[in-house]
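Asker: Coordinates for the following, if possible.
(one chain, ligands or ions: 1)
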Amino acid sequence: MNTANCPTDAAPLPMKIYDWYNGPYPARVRIALAEKGLLAKVDFVSINLWKGEHKAPEFLEINYSGTLPVLELKDGTRIAECTAITQYLDDLDGSPTLTGSTAVEKGLIHMMTKRAEIEFLDAVSMYFHHATPGLGSHVEIYQNREWGLHMRDKAVRGMRYFNEVLKSQPFVASPSFSMADITVIGGMIFSALLGLAVPDDCQALREWYARMQQRPSLVAWAAMVEKGAPTS
Ligand code: GTS
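Answerer: The predicted structure is shown next:
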């Protein structure tokens, strides 16, 4: 494993990404790639979550955490964690920037991205893994239903928080679209997959999401998902 190595950036392409086609976390990186016009530069390797391939010893060698997505560079360097991958992609070139240009923008985007994970997306994920059948008993070796339901309620509170934020600004963290928006989008995608409804009173969140769904990056993601699971 060489996840701690620093890439030289001399020739980072082609890149490989281990993911599962309709996963909400992988969606974050696919959307970031599309926003930056890099989708065609990536070879996607399917790791079937439903078969538990992400918990197999061979995959744990690739990512100790046993989660998707993972970016692999030409020199073998591996970067896991959506935020780290998005930061890497953004640092390849700053156009358009998803992680901010000024110190203040960068700070706010990272803060709101982390907040979107803690208060919303990760909470929905915990709900899925603990209070629903999740990926099945072969993967979900420990479940705590009460904790899962607590996380579901936290996620709904998170929706209400982001609704308040979006009442007074067009994007989650900054004057323009950023990694923080992509993270809330991940929460919306995961909620929709689970049938976890956005409360009726979250009008600003709903309107923001309707706008986000019109972005070419999300249209491309939805079209890819529509085609269904990869066959190989
Ligand atoms: N903090 C990680 C990140 O940001 O990359 C979380 C990644 C994560 O939870 N990925 C999901 C996963 O691997 C993929 S998906 O649910 O969106 O499809 N889940 C499998 C599991 O068993 O936790």
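Asker: all contacts plus neighbour counts: C-alpha atoms, from now on.
Answerer: OK.
Asker: so where do the helices sit in this protein?
Answerer: 24-35, 57-62, 82-92, 103-116, 122-131, 145-167, 179-194, 203-212, 216-226 (DSSP state H).
Asker: need those helices in JSON lines with mean pLDDT and distance to the ligand, can you?
Answerer: Formatted as JSON lines, these follow (pLDDT from 0 to 100; distance: least, Cα to the nearest ligand atom, whole Å):
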{"stretch": "helix 24-35", "mean pLDDT": "98", "distance to the ligand": "4"}
{"stretch": "helix 57-62", "mean pLDDT": "98", "distance to the ligand": "11"}
{"stretch": "helix 82-92", "mean pLDDT": "97", "distance to the ligand": "4"}
{"stretch": "helix 103-116", "mean pLDDT": "98", "distance to the ligand": "10"}
{"stretch": "helix 122-131", "mean pLDDT": "98", "distance to the ligand": "7"}
{"stretch": "helix 145-167", "mean pLDDT": "98", "distance to the ligand": "13"}
{"stretch": "helix 179-194", "mean pLDDT": "98", "distance to the ligand": "7"}
{"stretch": "helix 203-212", "mean pLDDT": "98", "distance to the ligand": "18"}
{"stretch": "helix 216-226", "mean pLDDT": "97", "distance to the ligand": "12"}
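Asker: For these, could you give me TSV that also reports distance to L68 and mean neighbour count?
Answerer: TSV is the format used below for these (distance: least, Cα to Cα, whole Å; neighbours: other Cα atoms under 10 Å):
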stretch	distance to L68	mean neighbour count
helix 24-35	6	24
helix 57-62	10	14
helix 82-92	9	18
helix 103-116	17	18
helix 122-131	13	24
helix 145-167	21	19
helix 179-194	13	23
helix 203-212	23	17
helix 216-226	16	15
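Asker: For A173, which of these is the nearest?
Answerer: For A173, the closest of those is helix 103-116, at 5.3 Å, according to Cα to Cα.
Asker: can you give me the offset of the closest one from its chain's centre?
Answerer: 15 Å (Cα atoms, centre = their mean, to the nearest Å).
Asker: Show me what it is packed up against.
Answerer: helix 179-194 (3 or more Cα pairs under 8 Å, 6 or more residues apart in numbering; DSSP states H and E).
Asker: just checking, what packs against the helix it packs on?
Answerer: On a contact count with 3+ Cα pairs under 8 Å, 6+ apart, helix 179-194 meets helix 24-35, helix 103-116, helix 122-131.
Asker: One more pass at 10 Å, please.
Answerer: helix 24-35, helix 82-92, helix 103-116, helix 122-131, helix 145-167, helix 203-212 (3 or more Cα pairs under 10 Å, 6 or more residues apart in numbering; DSSP states H and E).
Asker: the inter-axis angle of it versus helix 216-226?
Answerer: If you take axes from the mean of the first three to the mean of the last three Cα atoms, to 10 degrees, helix 179-194 sits at 30 degrees to helix 216-226.
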